[in-house]
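> The following block contains a protein sequence and its predicted model.
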Amino acid sequence: MSDAWLRALVAFPFGLVVGSFMTVVVARVPAGESLVRPRSRCPSCGTPIRNRDNVPLFGWVLLRGRCRACSAPISPVYPIVELTTAAVFAAAFAVADDPWVAVMLAAFLSLMPAITVIDVRHRIVPNRLMYPALVAFPAFVLVAAAAGADVDVVRAAIGFAAFGGGLLLVALVSGGMGMGDVKLAAVEGVVLGALGLRYVAVAAGAADVAVAALAKRAPPTRTPARTGPSRARTIRSSRASSSCWPTAPASSASRRPSRPTTTSTSRPPRSSAASWSRSTGSAVPSAPPAAPSAFRR
């Protein structure tokens, strides 16, 4: 067995422990809760998880993904984060011969699964992770360089300015990128720049591809104007779905028939009727009822 595989096997259990802590980060950092207290508990019933059930990865498998107290399902995100963190932790120690470099890479890569889950769920890159990282990684590079590790402080500073500053300009110009992404890029620039500027160039290229893909998928801000046959079809459909009344106003004669007029033979004028009543002493004949209107409004 080679030394790389041996280092990976030794680092894998430590990666599981770090991954178990990262599941706490995923659950509590977006909610603003403490990472220390209270102890781990069931997200459904709130029952504290026993020590034997809190073993990274194996506890979830032995419980078959359910709480021992209430039998509520436990999300598979927890073992996935633990396993992924352990894998990248072991890979960092497998590829790096220098222990300082291995520790720096393992710590940096261990943040990625947790940040990915938080970003997918809440669309944020939390400052509670980025601000400590912006302080811890440059300080670690300074200490490692002083200890004789294979890292370069100047290249780390260039990576910080190039990658972080580049994405800062993109965020300010486009407005489609959050400042959490800029802080994460600055941390990446420090870590990758300390190992070599070529790694920063590769990361910057990947970021450019991602930004371009997101820009293509973004919906247009304005609706394109419709002309020609498309506009004609829209007008016809809008007319067909409108009211049953014609567009042009109809004349009063077509909408409401005129009231039939009465002749003088059916009803005498008021004055002659009154004189006729006084002269003959007969009752005044009642007038015929008016014809009902065709439409009432």
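Received the coordinates, thanks.
> Any stretches of the stretch 51-200 of the chain with poor pLDDT?
175-176 (pLDDT under 70).
> For the longest helix along the chain, which residues meet the burial criterion?
What stands out as the longest helix in the chain, according to DSSP state H, is helix 3-28. In terms of neighbour count (16 or more other C-beta atoms under 10 Å), helix 3-28 has its buried residues at 7-8, 11-12, 15-16, 18-27. To be clear about C-beta, it is placed using only N, CA and C from the backbone, and glycine gets the same treatment.
> Quick one: name whatever helix or strand follows it.
Next in sequence after helix 3-28, counting helices and strands by DSSP states H and E, comes helix 58-62.
> Looking at the buried residues of helix 3-28, which one is closest to residue 120?
Relative to residue 120, the closest of the buried residues of helix 3-28 is residue 26; by C-beta to C-beta it sits at 10.3 Å.
> need the contact list for the closest one.
77, 81, 114, 117-118 (C-beta atoms under 8 Å, 6 or more residues apart in numbering).
> Roughly how far does it sit from residue 150?
For residue 26, the distance to residue 150 equals 33 Å [C-beta to C-beta, to the nearest Å].
> what do you get for residue 27?
Counting by C-beta to C-beta - residue 27 and residue 150 are separated by 37 Å.
> Tell me who's in contact with residue 121.
Residues in contact with residue 121 (C-beta under 8 Å, 6+ apart) are residue 30.
> any idea which helix or strand carries it?
Assigned by DSSP H and E, residue 121 falls in helix 99-122.
> For that helix, list every residue counted as buried.
Those would be 100-111, 113-115, 117-119, for helix 99-122 by 16+ other C-beta under 10 Å.
> again, but for stretch 52-70
53, 56-57, 59-60, 67, 69.
> same check, this time on stretch 187-197
Buried residues in stretch 187-197 (16+ other C-beta under 10 Å): 187-195, 197.
> Just the closest of those to residue 86, please.
Checking the buried residues of stretch 187-197 one by one against residue 86 (C-beta to C-beta), the nearest turns out to be residue 191, at 19.5 Å.
> show me the contacts for that closest one.
Applying C-beta under 8 Å, 6+ apart to residue 191 gives the contacts 104-105, 108, 137, 141, 156, 159.
> hmm, back to that, JSON lines please, covering the contacts of residue 26 and showing distance to residue 131.
Below are these laid out as JSON lines (distance: C-beta to C-beta, whole Å):
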{"residue": "77", "distance to residue 131": "25"}
{"residue": "81", "distance to residue 131": "22"}
{"residue": "114", "distance to residue 131": "15"}
{"residue": "117", "distance to residue 131": "19"}
{"residue": "118", "distance to residue 131": "15"}
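> Return the closest of those with respect to residue 42.
The closest of the contacts of residue 26, once distances to residue 42 are taken by C-beta to C-beta, is residue 77, at 14.7 Å.
> hang on, the earlier thing: what mean pLDDT does the longest helix of the chain have?
Average pLDDT, helix 3-28: 93.
> quick check, residue 150 in a strand?
No - read with DSSP: H, G, I helix; E, B strand; the rest coil, residue 150 is coil and lies in no strand.
> Was I right to think it contacts residue 101?
Yes - with contact defined as C-beta atoms under 8 Å, residue 150 counts as touching residue 101 (6.1 Å).
> what about the helices in the stretch 51-200 of the chain?
58-62, 77-95, 99-122, 127-146, 153-159, 165-174, 179-195, 197-217 (DSSP state H, counting those that start in this stretch).
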